[in-house]
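1. Generate coordinates for the sequence data below:
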Amino acid sequence: MNTNYTSLARRIKIYFLSFSSMLPTGCGGMSDYSENLGNGFLYESSGKEFKNIRTPIRGQKNIYGKVMEYKFNADFILAIQQPSREIYHGSIAYELRNADRVKYKYNSTNDRIESERVADSLILNDPYYKSIFANTTNYWIISHQNKTMYGPLTKEEYFRKRKELKVPDELKLEEGNE
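-> Numbering: from 1, shown residues only. A predicted model of the protein is given here:
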């Protein structure tokens, strides 16, 4: 199969997944499963790889695929993530087009290509995204009390932050071997 065709087919699949995850759930949206995690945070699962935690806080970034496990209570959300460059790439490009309707006015092929170029640059150069892809597994703690997201964390950093924030012992991630 032609390499360009394969790449194009993969990107179309990512766009579809990205778009379907952006649709509202509960009222006929395309998400296979969603769960309210409190204070506007939402877990979404659509397909094998597209498992995200969305934040309602402006300026705070979402945790994109693949969230392997999460637990939550009224005070905290805990999550384990295996980051996917493809999912982040498609999601960032989509968010860019959605956020800047002046620059990406028509959502044309050129708009998509440009937003992909910017997404590539962010993933390769932005310290936040570099930290996401520095490890194959990331840990996250979201505090409902102070509306802060801690992560991406290594397993060791996660356990230290968990202790510092006084996350209750009853709230545990099974995959985290707590």
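2. ok, which stretches of this protein are helices?
-> 3-22, 85-99, 109-125, 127-132, 155-165 (DSSP state H).
3. want to try a markdown table for the ones you listed, with mean neighbour count and distance to Asn62 as columns?
-> For the C-beta atoms, the positions are set from N, CA and C on the backbone; glycine is no exception. A markdown table is the format used below for the helices of the chain (neighbours: other C-beta atoms under 10 Å; distance: least, C-beta to C-beta, whole Å):
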| stretch | mean neighbour count | distance to Asn62 |
| --- | --- | --- |
| helix 3-22 | 15 | 9 |
| helix 85-99 | 20 | 7 |
| helix 109-125 | 15 | 14 |
| helix 127-132 | 14 | 11 |
| helix 155-165 | 15 | 19 |
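4. Pull the contacting residues for the most centrally placed residue in the chain.
-> For the chain, Tyr64 is the residue whose C-alpha lies nearest the centre (C-alpha atoms, centre = their mean; 1.7 Å). Listed by C-beta atoms under 8 Å, 6 or more residues apart in numbering, the contact partners of Tyr64 are 52, 83-84, 87-88, 91.
5. still on that earlier bit, for Asn73, find the nearest of the helices of the chain.
-> Of all the helices of the chain, it is helix 155-165 that lies closest to Asn73, at 12.5 Å by C-beta to C-beta.
6. Quick one: low-confidence residue ranges for the protein.
-> In the predicted model of the chain, residues 1-31, 176-178 satisfy pLDDT under 70.
7. Could I get the buried residue list for stretch 67-86?
-> 67, 70-72, 76-81, 83-86 (16 or more other C-beta atoms under 10 Å).
8. Can you add distance to Ser115 and give those back as TSV?
-> Putting those into TSV (distance: C-beta to C-beta, whole Å) gives the following:
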residue	distance to Ser115
Val67	24
Tyr70	28
Lys71	34
Phe72	32
Phe76	33
Ile77	29
Leu78	32
Ala79	26
Ile80	29
Gln81	23
Pro83	20
Ser84	18
Arg85	16
Glu86	15
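9. I'd assumed Pro56 was in contact with Gly40.
-> Yes: counting by C-beta atoms under 8 Å, Pro56 is a contact partner of Gly40 at 3.0 Å.
10. From Lys130, how far off is Arg85?
-> Here the distance between Arg85 and Lys130 works out to 12 Å (C-beta to C-beta, to the nearest Å).
11. Dump the helices of the chain into a markdown table; add distance to Ser45 as well.
-> Formatted as a markdown table, the entries for the helices of the chain read as follows, by distance: least, C-beta to C-beta, whole Å:
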| stretch | distance to Ser45 |
| --- | --- |
| helix 3-22 | 9 |
| helix 85-99 | 12 |
| helix 109-125 | 22 |
| helix 127-132 | 19 |
| helix 155-165 | 22 |
